[in-house]
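>>> Pasting a predicted model and its sequence here:
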Amino acid sequence: MRLEKTVSWQIAADFPEELQFAGYIAQQADFRLGEVINAQSPAEIEWRAWWDDLINSRLDVSDALSKLVDPRPFLKYDPPNFNIFEKVPALQMLCRQHWFEFDRQWGFVGGKKEPTTKQLIKQINQLRCDKIVKECVKEMGKIDCRPFHLQVDFVLWPKNYQNHVSNQHIILGAQFIQPPYVDELITILRAIICSLV
């Protein structure tokens with residue numbers, strides 16, 4: 001969803017379904033993000049590689065998961081059968097096991113997608129991105145704004161997630177679309193936007 005766009009800049013936000021599904025699997029399997037100290041199961045190793053691929057896929061970087069299988073071009077999401085994961089069977093089994101319940105909870109009428117998207121739109125409207133950009137241009141001592149595109153993706157899990165994927169892409173947990181976190185969201189976005197203007 002596009003938030004705001006002018007001739008010189010664009011800020012967009014989304015809840016990519018594949019990230020929501022990967023997070024749902026992690027919740028169900030009790031996987032944790034961050035440095036892992038204990039030995040991991042094959043399913044967790046494959047899931048972590050997939051998560052890294054999903055996070056970095058917008059950057060067109062090499063696929064961590066493909067290193068576990070083969071170097072062929074690799075699609076990262078094909079529900080409900082997940083045939084693309086035939087060479088990573090533990091991940092394929094997890095995806096098949098959890099897909100239908102996730103789909104019911106996320107995409108069906110009465111699922112989480114619609115109210116979450118409405119909350120995102122409400123929060124973004126309160127942000128006044130145009131005002132933030134103008135303030136950043138002024139703060140950086142510039143007259144005009146350089147052209148830029150900023151992609152802000154949100155995930156339900158983990159709720160407090162923050163990943164600065166690149167200088168033009170950030171992934172945040174869903175807590176940041178809740179009213180108590182609007183100031184924190186503005187602070188995060190201001191820091192990025194100031195580096196882009």
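Looks like it came in fine. Everything numeric here is computed off the predicted structure, so don't read it as measured data. Numbers count the residues shown, from 1 in each chain.

>>> Can you tell me what sits against the longest helix along the chain?
Identified as the longest helix of the chain according to DSSP state H is helix 89-106. Here helix 89-106 makes contact (CB atoms under 8 Å, 6 or more residues apart in numbering) with 17, 20-21, 24-25, 28-29, 41-43, 45-47, 50, 65, 79-82, 85-86, 111-113. All C-beta atoms are positioned from the backbone trio N, CA, C, and that covers glycine.

>>> Downstream of it, the next helix or strand is which one?
Remark: after helix 89-106, the chain's next helix or strand is helix 113-127, criterion DSSP states H and E.

>>> So for that next one, mean pLDDT?
Mean pLDDT, helix 113-127: 90.

>>> quick one: buried residues of it?
113, 116-117, 120, 123-124, 127 (16 or more other CB atoms under 10 Å).

>>> Out of the residues you listed, the closest to I143 would be?
L127 (23.6 Å; CB to CB).

>>> The closest one touches E184, doesn't it?
No. Applying CB atoms under 8 Å as the test, L127 and E184 come out as separate, 11.6 Å apart.

>>> Following the record's annotation, map out the domains of this structure.
The record's domain split for the chain, according to automatic domain parsing, is 2-15+112-196, 17-106.

>>> looking at those domains, which has the lowest confidence?
domain 17-106 (a mean of 80).

>>> any idea whether Q151 is helix, strand or coil?
Under DSSP: H, G, I helix; E, B strand; the rest coil, Q151 falls in the strand class.

>>> What are the boundaries of the helices in this protein?
Applying DSSP H to the chain gives helices spanning 17-29, 42-56, 89-106, 113-127, 129-139, 182-196.

>>> Can you dump the C-alpha atoms of the longest one in PDB for me?
Think helix 89-106. Extracted C-alpha coordinates of helix 89-106, given in PDB (Å, rounded to 0.1, in the frame of the first residue of the first chain):
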ATOM      1  CA  PRO A  89      11.700 -31.500   3.600                       C
ATOM      2  CA  ALA A  90      11.600 -30.400   7.200                       C
ATOM      3  CA  LEU A  91      10.600 -26.800   6.200                       C
ATOM      4  CA  GLN A  92       8.100 -28.200   3.600                       C
ATOM      5  CA  MET A  93       6.500 -30.300   6.300                       C
ATOM      6  CA  LEU A  94       6.200 -27.300   8.600                       C
ATOM      7  CA  CYS A  95       4.600 -25.200   5.900                       C
ATOM      8  CA  ARG A  96       2.100 -27.800   4.800                       C
ATOM      9  CA  GLN A  97       1.300 -28.600   8.500                       C
ATOM     10  CA  HIS A  98       0.500 -24.900   9.300                       C
ATOM     11  CA  TRP A  99      -0.700 -23.400   6.100                       C
ATOM     12  CA  PHE A 100      -4.400 -23.900   6.400                       C
ATOM     13  CA  GLU A 101      -4.700 -22.800  10.000                       C
ATOM     14  CA  PHE A 102      -2.600 -19.700   9.200                       C
ATOM     15  CA  ASP A 103      -4.700 -18.900   6.100                       C
ATOM     16  CA  ARG A 104      -7.900 -19.200   8.100                       C
ATOM     17  CA  GLN A 105      -6.600 -16.900  10.900                       C
ATOM     18  CA  TRP A 106      -5.000 -14.400   8.500                       C
END
